[in-house]
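Chemist: 3D model of this:
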Amino acid sequence: MELFLRMLRFTAVGLATAALYYALLFVAVELLGVSAVVASAGVYVLVIAFNYAAHYRWTFALSSPHTAAIKRFLFMTGCGFFINLSIMYLCVSLLHWNYLFAQAVAMGVIIVWNFVLSSLWVFRT
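Modeler: Got it, this is the predicted structure:
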């Protein structure tokens, strides 16, 4: 039951993060004229703080110091950043896919990556 509730909370935080991510990505690309790959990288960095705080306090309900979790989280999201950037570059620059569709593919990969590492390593108690 606890795993199921954790997955629900993880999903809720993920949906909120994705909504924020897509809103900022759209603004950067469509309103500010930033390239999709560069915008994706910048937005990824911006939403990390929200995502960490929500998972730390709510999804995994930790009360221990941030010392170990923040280092692991930054490593996980740093790797995720390069995975995201690689997928966006491949899909947008080389395959000429729509940037929103490409971001959906990248986000799917990142979601699996983050859930597995968050559960098994980053926020372990």
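
Chemist: Strands of the chain, residue ranges please.
Modeler: Taking DSSP state E, the chain contains no strands at all.

Chemist: where do the helices sit along it?
Modeler: For the chain, the helices defined by DSSP state H occupy 2-26, 36-54, 67-88, 99-117.

Chemist: which one of those helices lies closest to Phe60?
Modeler: Checking these against Phe60 by C-beta to C-beta gives helix 2-26 as the closest, at 7.1 Å. Bear in mind the C-beta positions are built from the backbone N, C-alpha and C, glycine included.

Chemist: other SSEs contacting the closest one?
Modeler: Contact here means 3 or more C-beta pairs under 8 Å, 6 or more residues apart in numbering; DSSP states H and E; on that basis helix 2-26 packs against helix 36-54, helix 99-117.

Chemist: Turn the helices of the chain into CSV, columns for distance to Phe60 and mean pLDDT.
Modeler: Output for the helices of the chain, formatted as CSV (distance: least, C-beta to C-beta, whole Å; pLDDT from 0 to 100):
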stretch, distance to Phe60, mean pLDDT
helix 2-26, 7, 93
helix 36-54, 10, 92
helix 67-88, 8, 93
helix 99-117, 11, 93
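
Chemist: Can I get these in TSV including distance to Ala61 and mean neighbour count?
Modeler: Converted to TSV, the helices of the chain look like this (distance: least, C-beta to C-beta, whole Å; neighbours: other C-beta atoms under 10 Å):
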stretch	distance to Ala61	mean neighbour count
helix 2-26	9	15
helix 36-54	11	17
helix 67-88	12	16
helix 99-117	16	17
